[in-house]
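# compute the structure for the input listed below.
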Amino acid sequence: MLAASHLFDSPARIEATARFLAEEGHHLLVAYDVGHPAGFVTGVETTHPDKGTEMFLYELGVEEAFQRRGIGRALVDRLADLARERGCYGMWVVTDEHNAAARATYQATGGNPEPSQVVYSWDF
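Model prediction:
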């Protein structure tokens, strides 16, 4: 993970990485180009009593030099395959309205934008 740390918003923290990877329903996929980490996607399985389990696409990142080569799409497709393999009934993600690259990737992989959604966040 330290070799792929440049793909994250901040350097990977050893303790947080270990905790993330230790959880059964947490997934981190890394795409390589000739041994170089070029992109990643993280997913977290979430289960609700009346819905079952779905995959939350937590974050997708592709190094700028490797963008527009299908790496992001391949990562999202693989996470969706993994979700199906693990019995998830669906997958979801939140992105910024103005993030054209992310929206294009998600739509190209079969994602459908939800109309009139509002995201709330809490900072602790």
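
# strands of this structure, residue ranges please.
Secondary structure of the chain (DSSP state E): strands located at 26-33, 36-48, 52-62, 91-92.

# same list, those, but as a markdown table with distance to Ala83 please.
In short, each C-beta sits where N, CA and C put it, glycine included. Shown next, in a markdown table, are the strands of the chain (distance: least, C-beta to C-beta, whole Å):
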| stretch | distance to Ala83 |
| --- | --- |
| strand 26-33 | 9 |
| strand 36-48 | 7 |
| strand 52-62 | 4 |
| strand 91-92 | 5 |
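
# and the pLDDT at Arg19?
pLDDT recorded at Arg19 is 96.

# how near is it to Thr109?
28 Å (C-beta to C-beta, to the nearest Å).

# give me the more crowded residue out of the two.
Thr109 (18 against 11; other C-beta atoms under 10 Å).

# the more buried one: what's it in contact with?
When contacts are counted by C-beta atoms under 8 Å, 6 or more residues apart in numbering, Thr109 touches Arg73, Val76, Asp77, Ala80.

# for His6, find the nearest of the strands of the chain.
strand 36-48 (7.5 Å; C-beta to C-beta).

# for that closest one, name the packing helices and strands.
Applying 3 or more C-beta pairs under 8 Å, 6 or more residues apart in numbering; DSSP states H and E, one finds that strand 36-48 contacts strand 26-33, strand 52-62, helix 71-85.
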